[in-house]
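Trainee: One predicted model, sequence on top.
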Protein chains: 2
Amino acid sequence: MLSDIEIAQRAKLKPIIEVARDLGLAEEDLELYGKYKAKVDNGLWERLRDRPPGKLIFTTAITPTPAGEGKTCTAIGLTQALGRLGKKVTVCLREPSMGPTFGVKGGAAGGGYSQVLPMEDINLHFTGDIHAVTAAHNVLAAVVDNHIFQGNSLNIDPKRVLWRRVVDVNDRQLRNVVCGLGNRVDGIPRESGFDITVASEIMALLCLAEGLQDFKERVGNVLVAYTRDGRPVFARDLKVAGALAVIMKDALKPNLVQTVEGQPAFVHGGPFANIAHGNNSILATRLALRLADYVVTEGGFGSDLGAEKFFDIVCGYGGFQPDAVVLVATVRALKMHGGLPLADVTRPDVEALGAGLANLDAHIDNVTGNFNLPVVVAVNRFPTDAEVELNLIREHCLARGIPVAVSEVVARGGEGGLELAEKVLAILARAPRGFRPLYDWNLPIREKIDILARRVYGADGVVFTDQAQADIETFTRLGFDKLPICMAKTQSSLSDNPRLLGRPKGWLLTVREVRASVGSGFLVALAGKIMTMPGLPQVPAAEKVDIDPAGNVVGLF
Amino acid sequence: MLSDIEIAQRAKLKPIIEVARDLGLAEEDLELYGKYKAKVDNGLWERLRDRPPGKLIFTTAITPTPAGEGKTCTAIGLTQALGRLGKKVTVCLREPSMGPTFGVKGGAAGGGYSQVLPMEDINLHFTGDIHAVTAAHNVLAAVVDNHIFQGNSLNIDPKRVLWRRVVDVNDRQLRNVVCGLGNRVDGIPRESGFDITVASEIMALLCLAEGLQDFKERVGNVLVAYTRDGRPVFARDLKVAGALAVIMKDALKPNLVQTVEGQPAFVHGGPFANIAHGNNSILATRLALRLADYVVTEGGFGSDLGAEKFFDIVCGYGGFQPDAVVLVATVRALKMHGGLPLADVTRPDVEALGAGLANLDAHIDNVTGNFNLPVVVAVNRFPTDAEVELNLIREHCLARGIPVAVSEVVARGGEGGLELAEKVLAILARAPRGFRPLYDWNLPIREKIDILARRVYGADGVVFTDQAQADIETFTRLGFDKLPICMAKTQSSLSDNPRLLGRPKGWLLTVREVRASVGSGFLVALAGKIMTMPGLPQVPAAEKVDIDPAGNVVGLF
């Protein structure tokens, strides 16, 4: 099979104006970025907001393993398959961060014959949204330090500046720095550090804002520091909410591209899926729901993270009512959950697979039980999967009354997703809308976390460290306790211990710290040490990426 | 008079496709970035390279003072005036850095009725070129540190890593940092720091490259560190030249916008004018010269810096033959050069003005004597200028046989530049092409610096510190001695002492250090402490920039 970039470069793209026309959009609704990318003006929303929304299909996965799941490919392939069935459909995805592109091989624009295009652009600068987040974030950081340097009339405690800096590069060297060194004119020495841009609260806010004025209002609420006497300092206190909105004004416009098979695709916003909510922008999804009859979207990691956050945070802010869930699993990954080491996952092993189904069940239970949503299991087929293994998953699901489809969208595009598409249409036709979020935002912070721990992760309860208890008291006192919870937990386990695969039982979730993303509108509960700045591997992908003599990009993926 | 942004927002823009048509370009030659910005594909060059080039007019200025000169406005206004005279003309400008936009009020896209548009875009993210430079620069930095961390097979000395990091923010807090702190997995502790993006060698190289393959070749030559045994380490040793070229592939395409009066304007590349060469890209200028009969361009600071570097570095790499120079002066600034404090420059003072003319003379002598180019003095008129003062400048120039024109392009647009345009056309009609660079690149490093010091700055000679001597020996040994010299000297004086206005005599230039920008292709001689990371002022411009309820940008300038 061809590589992703070879497939991407051989695809015949339609001018984005034509793609937009399929959604009923005219050229004046678009801001073109070359021939194949466009931003859609948010003014369009005012014209469309009263239309009835299309069906919203959320794609999630079992607990990720190094064996791979293929959630984004499945979302794109399903969209292509629905298109082949004559449906008016679009897909809403997160936009990839450039940092990892040059770190570990692997993009976030799908793969094989289920990609969004133009692939190189989407994985590089795209329309500049992530660069805008970097700029806005770092302007705010510079203004905070400048305020301290220029007399510090707000009495900011240099030891309690919460706002770090960001770059869109995998750069472990910047995780922990001492800045402000040098002479008297070179700032105030203090400890700080850098995160990767997609971990910025500005990125989360881009994805949760309802428009430019809402963004400006909420970015003013970003908590940047505490004063020496313990009062919170917000971005608005530094008078830069307007400037940050100006920097972000174009980034807030959803990006329109196309799938390999020419369907419209919105690719907009890409927040971290642990310390943030890991879903694309509300602005893109709400627009898509007014333009298409079916909207497929996806969120980061397993259903305990991206999906839960979509249902409990994004749907709350965006007013969305999801209609169905596609839960992606692979034979390989389920065998790892059943105890097989990565090196052995290509070997048929019905016993390991059978044991690993516990993880699939946990995610099915989460989606159906906690959120009252119908689910279709999509088995993303790999060439090494044995028929007996696929049958075992089929039988297991059918015994539970859960529809299941084997999907081959990476190798075969939409054609390989027809069975999945038909099963999705069937549950949509059958199921009345029954979505309900898991918890009431007005519950006390501890109670919200306790509900998540027991009902989504399967814990027996929650342990709060002294730090976490102090944080909860502070935020309750400051009135931030009515915000939803964004759990920062390992993606590699349903529990807070990345080594516990399958469906861990008999454990307690430890919450070490709580942070307040007041601007984007959630509290981050940290259950473990969360990496917010990846490093480069021994041989960075950058060494393979090149321009060939004809000017083509090679080695990307 | 209206503010710059009010004039910009009231201007009626032509679709950029129409602007391009005036240059003979078709829609397929463009990559649109919205309706009013486009990138021009470098493939066009292959079609046009054999055309005879148009006339090249370089705009420079006297030694800058806080009283203001107006070089960019004059270049734009002259272009507009030449357009009014029926000439096929375009202007090539540097693109502004976003950092200062939120620092000190003031843009780099002209002013009043001599601006390039869309002004907000050009002063914000524009087409993402500067963000691409940030990304490429910081990927290289991360790869260097990752190499050290992952075993350091090249034996890089962590104390001799030359490649810092960059952000496009005025952020003094980042000038000096200790990075790599934390745990064992968090890098190698060492001192480093951040510069503003436009000070990156990647930006200089963007402006000096002849295309993507040339960029890739030359970015591999960037000197990033020395080994523990003193051997140079280049970017190519880290195998990332291809990846850096991929990151920069779109940034290398010239940007096309328009003047307030609808003429085409190329705005592409913006390197620092002290530690780099301070001129827009060769790619834009060489294309413009094949598309228009007259091309107006400009460079940073006075003729001792931007102009000298254009003539000695850019013309060498680009193969350009400039035809004429416009030397911008103001009555106010000349009075400061004659000893008047800034507070008094609005008061008529013929005596101070007379004394200040020495600075004008030095720049006239530089352009005509050192480069054999004809010059027109453009007096950029301010409302407080007295007629007797304007007359004094006129008489002084005419006595020297130098054409002079009073220009009012800020207040009146092209109409206010007609006298200047006519004088420029007159010298172009009269003068045969006689341009010659000042020195032969093959001379020894010390000799090249000595020529610059005596003949351009008016020094009696050069003092090299021990460090500078050691650097020169190293670079001569490494074979970098055939590169042209880029002097990093204060812009505020012809000398190396910013307090010496007018035309300083009886002084020696002190060169403290020499650095090798081997990728972009010049040696940087540092004559003084050069700021490569600005700070924010007490009240940053960011506090005034805002989005109004209708979604318009306000407070920018």
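Mentor: Looks like it came in fine.
Trainee: Now do the residue in the stretch 401-550 of chain A that chain B sits nearest to against B:R512, distance only.
Mentor: The nearest approach of the stretch 401-550 of chain A to chain B comes at A:D546, 3.0 Å away (C-beta to the nearest C-beta). C-betas here are computed from N, CA, C, even on glycine. For A:D546, the distance to B:R512 (C-beta to C-beta, to the nearest Å) stands at 39 Å.
Trainee: thinking again about what came up before, so the residue of the stretch 401-550 of chain A closest to chain B makes contact with B:G242?
Mentor: Yes. Using C-beta atoms under 8 Å, A:D546 is in contact with B:G242, at 3.0 Å.
Trainee: joint contacts of those two?
Mentor: A:G555 (C-beta atoms under 8 Å, 6 or more residues apart in numbering or on different chains).
Trainee: Those two: who's more crowded?
Mentor: Taking neighbours as other C-beta atoms under 10 Å in any protein chain shown, A:D546 and B:G242 compare with B:G242 leading, 22 against 19.
Trainee: Does the more buried one lie in a helix or a strand, and which?
Mentor: Taking DSSP states H and E as the criterion, B:G242 maps to helix B:241-248.
Trainee: contact partners of that helix?
Mentor: With C-beta under 8 Å, 6+ apart as the test, helix B:241-248 has contacts from A:98, A:102, A:120, A:124-125, A:542-543, A:545-547, A:553, A:555-556, B:132-133, B:135-136, B:139-140, B:202, B:206, B:212-213, B:215-217, B:219-220, B:235.
Trainee: got it, and stretch A:177-189?
Mentor: Defining contact as C-beta under 8 Å, 6+ apart, one finds that stretch A:177-189 is touched by A:145, A:148-149, A:158, A:190-194, B:172-179, B:181, B:191, B:193, B:535.
Trainee: ok, of these, which come out buried?
Mentor: Listed as buried from these are A:145, A:148-149, A:158, A:190, A:192-194, B:172-179, B:181, B:193, B:535; burial here means 16 or more other C-beta atoms under 10 Å in any protein chain shown.
Trainee: Just the ones in strands from these, please.
Mentor: When the buried ones among the contacts of stretch A:177-189 are checked against strands using DSSP state E, the ones located there are A:158, A:190, A:192, A:194, B:177-179.
Trainee: and the closest residue to A:R49 other than its chain neighbours, what element?
Mentor: Closest residue to A:R49 apart from its sequence neighbours, by C-beta to C-beta, 6 or more residues apart in numbering or on different chains: A:R290 at 7.0 Å. For A:R290, the element it lies in under DSSP H and E is helix A:282-291.
Trainee: what about the residue in the stretch 101-250 of chain A that chain B sits nearest to, distance to B:P549?
Mentor: Across the stretch 101-250 of chain A, the shortest distance to chain B (C-beta to the nearest C-beta) belongs to A:G242, at 3.0 Å. To B:P549, A:G242 is 11 Å away according to C-beta to C-beta.
Trainee: What of A:A67?
Mentor: Noted for A:A67: a distance of 52 Å to B:P549, by C-beta to C-beta.
Trainee: Equivalent analysis for A:K529, please.
Mentor: 44 Å.
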